[in-house]
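Undergrad: Return atomic coordinates for the entry below.
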Amino acid sequence: MTQPCPAVSVVLPVWNAAATLPATLESLLAQTGADFEVVAVDDGSTDATPDILAAFAAQDVRIRPARIAHGGIVAALNHGLAPARGRHIARMDADDTCHPQRLALQCAYLDAHPHIGLVGCRVDFGGDRERCGGYARHVDWVNTLLDPTDIALARFRESPFAHPSVMFRAELPGLHGAYLDGPFPEDYELWLRWMDAGVAMAKLPHTLLTWNDPPDRLSRTHPNYAEEGFYSLKGLYLARWLARHNPRHPEVWVVGAGRTSRRRARQLMDQGIAVRAWIDIDPRKIGNRVDGLPVLGREAMPAPGEGFLVAYLAGHGAAEELSEFLDGAGYVQGRDYILAA
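TA: Residues are numbered from 1 along each chain as shown. The predicted structure is shown next:
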């Protein structure tokens, strides 16, 4: 007899995760109020991972293991999407744990909000805040983004979601493409591509996942997560966003005249964006010409509605300070300026 399709399919790529996988699976099997399956794709593990998956599957039919030759996380993710039967897809990684109500709350949210295509949740940082302060601050920032508009505007700074915390409608990969393998983080590329296609994304205010931070995390070790991959990806999609939202397209004013800001702005120029001038607060830079463009103080910025600002400020708290200044002066984020990084 064919079993009815579950509401949620959890896609879980696994590679040599014998030390952490049992806790991950136990946290999934402890879910309350959710009808789900776990499509666990073993990406050619050489440790005890296959035996652990087989043992859990023997005890609970909701665990559906699959094994492929080692091909990396993108291959494993897409292999897991193919047999998934749920109307919603939840992501999970084999070194994280989720709270008992995670799947039920996210599934209920998507069912009640048909205009939302993907929903995340707040996450606990499962790492050493002193040793990994930058990552911890990223988690804190991600947890501030709940509203679809805030998420959409913040996406050019950093990835606005913890990948294993999301749940999305099962039809989205077919409509807008699944995960891609390239010189970029596969999750961030997917969010940018789907949002560019008009998919609205939200986040629950509940903390429903512990996002652990092991030293061998892919974002620390794999070349696809290198810094330049992030920036070239952001430059491409930011240029596309500007073409639709900047009334003065293709002209922008770039806030930040330092070397890093100019390097990021060049990626926009490569996409046909014209930089009118650099805006800075450093008196040593103001009045100079850099890369053929003038460096001006904030007092020379175009008034709200008369020009569009792209801010490249990477210093801790710098973007927040600028946003407070601009909002107080009558500028509106998304209409007069955008924060990037």
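
Undergrad: number of nearby residues for Glu306?
TA: By other C-beta atoms under 10 Å, the residues close to Glu306 number 10. C-beta coordinates here come from the backbone N, C-alpha and C atoms, glycine included.

Undergrad: So it versus Glu189, what's the distance?
TA: 34 Å (C-beta to C-beta, to the nearest Å).

Undergrad: In the stretch 201-341 of the chain, where is pLDDT below threshold?
TA: The stretch 201-341 of the chain contains residues with pLDDT under 70 at 214-226.

Undergrad: mind running it again at 50?
TA: Residue ranges of the stretch 201-341 of the chain with pLDDT under 50: 220.

Undergrad: which stretches of it form strands?
TA: Taking DSSP state E, counting those that start in this stretch, the strands of the stretch 201-341 of the chain run over residues 251-255, 274-279, 289-290, 293-296, 309-312, 337-340.

Undergrad: For my notes, please list those strands in JSON lines and give mean neighbour count and distance to Val139 for each entry.
TA: What follows is these, written out as JSON lines (neighbours: other C-beta atoms under 10 Å; distance: least, C-beta to C-beta, whole Å):
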{"stretch": "strand 251-255", "mean neighbour count": "22", "distance to Val139": "26"}
{"stretch": "strand 274-279", "mean neighbour count": "19", "distance to Val139": "30"}
{"stretch": "strand 289-290", "mean neighbour count": "12", "distance to Val139": "35"}
{"stretch": "strand 293-296", "mean neighbour count": "18", "distance to Val139": "35"}
{"stretch": "strand 309-312", "mean neighbour count": "23", "distance to Val139": "22"}
{"stretch": "strand 337-340", "mean neighbour count": "24", "distance to Val139": "18"}
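
Undergrad: Relative to Thr20, which of these is closest?
TA: Shortest distance between Thr20 and the strands of the stretch 201-341 of the chain, using C-beta to C-beta, is found for strand 337-340: 34.7 Å.

Undergrad: how distant is that closest one from the center of its chain?
TA: Taking C-alpha atoms, centre = their mean, to the nearest Å, the mean C-alpha location of strand 337-340 is offset from the chain mean by 17 Å.

Undergrad: Stretch 255-265 now?
TA: Centroid separation between stretch 255-265 and its chain, computed with C-alpha atoms, centre = their mean, is 23 Å.

Undergrad: Same question for stretch 11-27.
TA: On C-alpha atoms, centre = their mean, the centre of stretch 11-27 falls 22 Å from that of its chain.

Undergrad: What of stretch 92-112?
TA: 17 Å.

Undergrad: need the longest helix for this protein.
TA: Longest helix in the chain, counting residues (DSSP state H): helix 227-245.

Undergrad: Need the CA coordinates for that helix. CSV is fine.
TA: Presented in CSV, the C-alpha positions along helix 227-245 are these (Å, rounded to 0.1, in the frame of the first residue of the first chain):
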residue,chain,number,x,y,z
GLU,A,227,35.3,36.1,-0.1
GLU,A,228,35.4,37.0,-3.8
GLY,A,229,32.7,34.5,-4.6
PHE,A,230,30.4,36.3,-2.2
TYR,A,231,31.1,39.8,-3.7
SER,A,232,30.9,38.9,-7.3
LEU,A,233,27.5,37.2,-6.7
LYS,A,234,26.3,40.2,-4.7
GLY,A,235,27.5,42.6,-7.5
LEU,A,236,25.6,40.7,-10.2
TYR,A,237,22.3,40.6,-8.3
LEU,A,238,22.6,44.1,-6.9
ALA,A,239,23.1,45.5,-10.4
ARG,A,240,19.9,43.7,-11.5
TRP,A,241,18.0,45.1,-8.5
LEU,A,242,19.2,48.6,-9.2
ALA,A,243,18.0,48.4,-12.8
ARG,A,244,14.5,47.8,-11.4
HIS,A,245,14.5,50.1,-8.4
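
Undergrad: what does it contact?
TA: Contacts of helix 227-245 with the rest of the structure, by C-beta atoms under 8 Å, 6 or more residues apart in numbering, involve 155-156, 183-185, 188-189, 192-193, 196, 223, 249-250, 252, 263-264, 267-268, 270-273, 308, 310, 334-335, 338, 340-341.

Undergrad: For stretch 36-52, which residues meet the burial criterion?
TA: By neighbour count on 16 or more other C-beta atoms under 10 Å, the buried set for stretch 36-52 is 36-45, 49-50, 52.

Undergrad: wait, which of the residues you listed is closest to Ala66?
TA: When the buried residues of stretch 36-52 are ranked by distance to Ala66 (C-beta to C-beta), Val41 comes first, at 5.0 Å.

Undergrad: can you give me how far the strand or helix carrying the closest one is from the chain middle?
TA: According to DSSP states H and E, Val41 maps onto strand 36-43. When distances are taken as C-alpha atoms, centre = their mean, strand 36-43 is centred 22 Å away from the chain's centroid.

Undergrad: and after it, which helix or strand comes next?
TA: helix 49-59.

Undergrad: what's in contact with that next one?
TA: Helix 49-59 has contacts (C-beta under 8 Å, 6+ apart) with 14-18, 21-22, 25, 29, 40, 42, 63-65, 67.

Undergrad: Can you dump the C-alpha atoms of the strand holding Val41 in CSV for me?
TA: C-alpha atoms of strand 36-43 as CSV (Å, rounded to 0.1, in the frame of the first residue of the first chain):
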residue,chain,number,x,y,z
PHE,A,36,7.3,14.6,7.8
GLU,A,37,9.9,12.4,6.2
VAL,A,38,13.7,12.8,6.3
VAL,A,39,15.5,12.2,2.9
ALA,A,40,19.0,11.7,4.2
VAL,A,41,21.6,11.6,1.3
ASP,A,42,24.9,10.0,2.2
ASP,A,43,27.5,11.8,0.0
